[in-house]
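Chemist: Here's a sequence, model it:
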Amino acid sequence: MCSSSIETMDSQINKIEAILNGTIIDNSDKEFLQVDYSLGQQNDESNARGIDAKVSNEFGPKIGLNVTFIVTAVIFNERQEVLMIQEARSTCSGSWYLPAGRVQPKELLETAIERAVLAESGLCFQPISVIKVESSHGNWFRFVYIGRITGGQLKTVSKADEQSLQACYVDDAGHLSLRSRDCLPLIEFARDYYRNGQSWHSPQLICRRYIPNLYMRLVIASWDQQIGKHRILIAHSLSPHLPICQLNPTRSVYSTLKRFMQYLFGGNDGIPSNSAVPPHKPLGLMAIEHDFADHTDQYDGLCLTLLVHCKHSDSPLHSGFTWTILSVTGEQLLVDKLSSRFKTIAHSVL
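Modeler: Reported below is the predicted structural model:
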């Protein structure tokens, strides 16, 4: 291998190890030119099976048009009571829910949750971490935050408006008339995070970075018994990088993951084959990247970096991919991330 290739590989290993620390150091202008599994490829596969593609190859996410980002906050006071909002909307007036809102065009996710909490509860909120991301198909995402109250005044009935009727802290939200009971598992999940914080992932917010579309980057780790280390799958086309695919807005994230894994382990022809895919398990998100579209020719993109534990590294690979190993420090970081699913930001498909 020539010295320039070694330097490029070393650079990629450094980037992987940065991701293990929750940091992105790549250049998005270059990185997303190297998409390994695009919508066009996914549509070609569907057409080959006699299935009409449901989305254009040229799909571009625009908030308010074809992609939805929801932000929700789980906030506790010193008595471990949770902040709840009484809804004012006609469709659910009088029912209760966590403070939440839709992200608006040209709005950061953190700005959106601060705005929503203030409007609905009267309180100033400082987000500390995203603890969970939920998705429905590849164009609807809910980001669940925890954080602290830094000021404001709790909204009472006398301050009711179109945003909410009132807000209050409650010990047991399950006793309220809820807009949806799907908030209850989120509340318990947040309680668990605070109880077990030292053994869970460290606080992590959105990495502000312009992303030109909806993507999923994979950190696929597999234990190699012969060398006593984990191997990490990388693409070596153009320049080494972690495998990255475009999220299909008409499919769930895990459906796209399944197709991408079939592509990666389909052998040299790259034809997806489920029989060739080794046993694997998605563990959680290591990084979330987003910035709003600042110009009309830009999109409201998102990149989720997903950690995947793969049982065997000897399965046949697409010719554009290979395995590499990390430094001693990188291996230690990886082992820690693999030790528990709580070491990464939770992700679930609704």
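Chemist: The stretch 1-150 of the chain: strands as residue ranges?
Modeler: In the stretch 1-150 of the chain, strands defined by DSSP state E, counting those that start in this stretch lie at 68-74, 82-86, 96-97, 100-102, 123-135, 140-152, listed in chain order.
Chemist: list the contacts for Asp171?
Modeler: Contacts for Asp171 (CB atoms under 8 Å, 6 or more residues apart in numbering) come out as Arg79, Gln80, Glu81. All C-beta atoms are positioned from the backbone trio N, CA, C, and that covers glycine.
Chemist: From Ile146, how far off is it?
Modeler: When CB to CB, to the nearest Å is applied, the distance between Asp171 and Ile146 equals 18 Å.
Chemist: can you pull the contacts of His230?
Modeler: Taking CB under 8 Å, 6+ apart as the test, what His230 contacts is Ala221, Ser222, Trp223, Asp224, Ile325, Leu326, Glu331, Leu334, Val335, Leu338.
Chemist: Closest one of those to Ser90?
Modeler: Leu338 (48.1 Å; CB to CB).
Chemist: Got the confidence number for the closest one?
Modeler: The predicted local confidence for Leu338 comes out at a pLDDT of 97.
Chemist: Over to Phe125?
Modeler: Confidence at Phe125, expressed as pLDDT, is 99.
Chemist: in the sheet, who's paired with it?
Modeler: The residues paired with Phe125 through beta bridges, assigned by DSSP bridges, are Ile149.
Chemist: Pretty sure it sits against Val71.
Modeler: No: distance between Phe125 and Val71: 10.5 Å, which falls outside the contact criterion (CB atoms under 8 Å).
Chemist: what sits in contact with each of those two?
Modeler: Shared contacts of Phe125 and Val71, defined by CB under 8 Å, 6+ apart, comprise Ile113.
Chemist: Show me which of those two is the more surrounded one.
Modeler: Legend: neighbour count by other CB atoms under 10 Å for Phe125 and Val71, higher for Val71 (27 against 24).
Chemist: and the residue lying closest to the more buried one once chain neighbours are set aside, what does it touch?
Modeler: Excluding its sequence neighbours, the residue lying closest to Val71 (CB to CB, 6 or more residues apart in numbering) is Ile113, at 4.0 Å. If a contact means CB under 8 Å, 6+ apart, then Ile113 has Val71, Thr72, Ala73, Pro99, Gly101, Phe125, Pro127, Phe143, Tyr145, Gly147 as its contacts.
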